[in-house]
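K.L.:
Sequence and predicted structure are below.
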Amino acid sequence: MKQAYATVLIATVLLLGACGTAPEAPASQVTGAQAAVQAEGGHNDTDVMYLQMMLAHHEQGLEMVRLAEKKASRSEIRTLAQAVDATQSDEAEMMTGWLKQWSAPTTVDHAPNAHADHGGLPATGPREIAALRKAKGAAFEAAFLNLFVAHQHNAVEMAHLETEQGSNAEAKAFAERVRASRADQIKQMLRLMNS
Amino acid sequence: MRRSIAYPLVALGALGSTLVVASPALAHGYVSAPPSRQALCASGAVADCGQIQFEPQSVEGPKGLTSCDGGVAGFSVLSDESRDWPAKAVGTTVTFTWVMTARHRTSNWEYFVGAKKVATVDGGNAQPDAMVTHSIDLSAFPGRQKVLAVWNIGDTANAFYSCIDLNVGGRDSGATTPPTAPTKPPVTTAPTAAPTSTTATRAPAVPIADNGDEWAPGVAYRTGDEVTYEGRTYRCRQGHSSIRSWEPSIYTLALWLPL
């Protein structure tokens, strides 16, 4: 099984209390079950960079879905946004835990724009999120779906990097899950765009 | 409301040279609505497309091509006219929307019907806006048409290609029969065949869950729904339409609570 090296625990939210970036406990998170999956075994620079890049990428994604939770008029879109918020918030916490476990920094200030060296910026940055914040009504839905599809395409692209060059089994398994879940989210969103 | 985590500010232009080697695969954009052929593959509306379903944004080739596949051998399915590509019913003015996964400086966008160029939209050799949509007048092309949309990149020799099958002034159809009487008004030249189940816009509604069923992908689960999975029972904590890797597990406790 792919998480052969994982130590799997079910614990309450505060088990990852070492995460200094989220000091306040989420009062409204009623059920409180949270996975604390350790990424044991060896890791390499790609594992570290992948998690750092994905963390930054996740923060942008969370900003976008939190706008959609409030502003999308179709309930299917709001529901998708809520589910992505829930799952990616947990993923962010898990990645943060792994980086701390590896004594690696959790922030990276440039990786999402590494692509700029090839002449292109990635799908979503501050400018795109600002545009999304301004959009309203049907224009908001179209903007969210198209920007978030592109954002998740970027996540799939980054997952390739990890599955090909990473070494930690748990991080690579995470990248495989990202690849599958984002491809299926894209599928849903392309249908929502054209229905 | 879930917690927020400190947002690492992105420093544009502060590139670390050591990271460039490992930057993501290069892939850039396609027409998402009306759905291009690669969008129909990626959404699952058209099956058995091969690799393109995973990277609809990758139909890249040298500028000046007129093919749907950008000359990429692995994507030749996009040029396969025997695939009975479903045609989206549209009015005579069509708004084309692009998904862009890398925001290259843009020379221009071009739209063709057959060999005829219908429109050119200047990109000003600038980064594209957040949303890229173009409203194109296709009133001179009633009935079933294949539109080739081309994104010409400003800072490379390449372009990105998307073919979009439309029924201009007509209704959705998977039929490949061309309009039989081009002199009639568009509304009467619509193919008479009933829309087929392959039509992207006629996808059936997502099934609703029944309590106690085995978990399955493609089901609309509501908060409180219960499923079984690998011999255990779980309760849905957050409504969602189920997808691969969102099955109940240690990794999806945000969605499923083990009971």
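P.N.:
Here it is on my side, so go on. Numbering: from 1, shown residues only, chains lettered A, B, ... in the order given.
K.L.:
Can you give me the neighbour number for B:N167?
P.N.:
24 (other C-beta atoms under 10 Å in any protein chain shown). C-betas here are computed from N, CA, C, even on glycine.
K.L.:
er, B:I136 I mean
P.N.:
Quick note: B:I136 (other C-beta under 10 Å) scores 17 neighbours.
K.L.:
do the same with B:D122
P.N.:
Counted with other C-beta under 10 Å, B:D122 comes out at 10.
K.L.:
secondary structure element for it?
P.N.:
strand B:116-126 (DSSP states H and E).
K.L.:
Just checking: what are the partner strands of that strand?
P.N.:
strand B:106-113 (antiparallel) (DSSP bridges).
K.L.:
The partner strand: how far from the chain's middle?
P.N.:
Distance of strand B:106-113 from its chain centroid, counting by C-alpha atoms, centre = their mean, to the nearest Å, is 18 Å.
K.L.:
How about stretch A:45-62?
P.N.:
On the basis of C-alpha atoms, centre = their mean, stretch A:45-62 is displaced by 7 Å from the centre of the chain it belongs to.
K.L.:
Who does the closest residue to B:S32 other than its chain neighbours form a beta bridge with?
P.N.:
The spatially closest residue to B:S32, leaving aside those adjacent along the chain, is B:V99, at 4.5 Å (C-beta to C-beta, 6 or more residues apart in numbering or on different chains). Beta bridges link B:V99 to B:Y30, judged by DSSP bridges.
K.L.:
And for B:V99, the neighbour number?
P.N.:
Other residues lying near B:V99 total 31 when counted by other C-beta under 10 Å.
K.L.:
just to revisit the earlier point, counting contacts, what elements does the next helix or strand after the strand holding B:D122 pack onto?
P.N.:
Remark: after strand B:116-126, the chain's next helix or strand is strand B:132-137, criterion DSSP H and E. Applying 3 or more C-beta pairs under 8 Å, 6 or more residues apart in numbering or on different chains; DSSP states H and E, one finds that strand B:132-137 contacts strand B:93-100, strand B:106-113, strand B:116-126.
K.L.:
Can you list the strands that the very next helix or strand once past the first one pairs with?
P.N.:
Yep, that's strand B:93-100 we're talking about. For strand B:93-100, the succeeding helix or strand toward the C-terminus, using DSSP H and E, is strand B:102-104. Here strand B:102-104 is paired, per DSSP bridges, with strand A:120-122 (antiparallel).
K.L.:
got the buried residues for whichever helix or strand comes after the strand it pairs with?
P.N.:
Note on strand A:120-122: by DSSP H and E, the next helix or strand toward the C-terminus is helix A:126-134. Residues of helix A:126-134 classed as buried by neighbour count (16 or more other C-beta atoms under 10 Å in any protein chain shown): A:128-129, A:131-132.
K.L.:
now stretch A:141-161
P.N.:
By 16+ other C-beta under 10 Å, the buried positions in stretch A:141-161 come out as A:141-159, A:161.
K.L.:
follow-up on the earlier one: go ahead and measure how far the strand holding B:D122 is from the middle of the chain.
P.N.:
21 Å.
K.L.:
With stretch B:58-68 instead?
P.N.:
17 Å.
K.L.:
Can you mark which positions in it are buried?
P.N.:
By neighbour count on 16+ other C-beta under 10 Å, the buried set for stretch B:58-68 is B:58-61, B:65, B:67-68.
K.L.:
What's the end-to-end length of it?
P.N.:
12 Å (C-alpha to C-alpha, to the nearest Å).
K.L.:
So is it next to chain A?
P.N.:
No. Using C-beta under 8 Å from any C-beta of the partner chain, we find that stretch B:58-68 stays clear of chain A, coming within 9.5 Å at best.
K.L.:
hmm, who's touching that stretch?
P.N.:
The contact list for stretch B:58-68 (C-beta atoms under 8 Å, 6 or more residues apart in numbering or on different chains) reads B:26-28, B:30, B:37-38, B:52, B:69-72, B:75, B:78-79, B:112, B:115, B:146, B:148, B:150, B:152, B:157-163.
K.L.:
Measure how buried residue 101 is and give me the count.
P.N.:
This is for chain A. Other residues close to A:Q101 by other C-beta under 10 Å number 13.
K.L.:
look at chain B instead
P.N.:
Neighbours of B:T101 using other C-beta under 10 Å come to 28.
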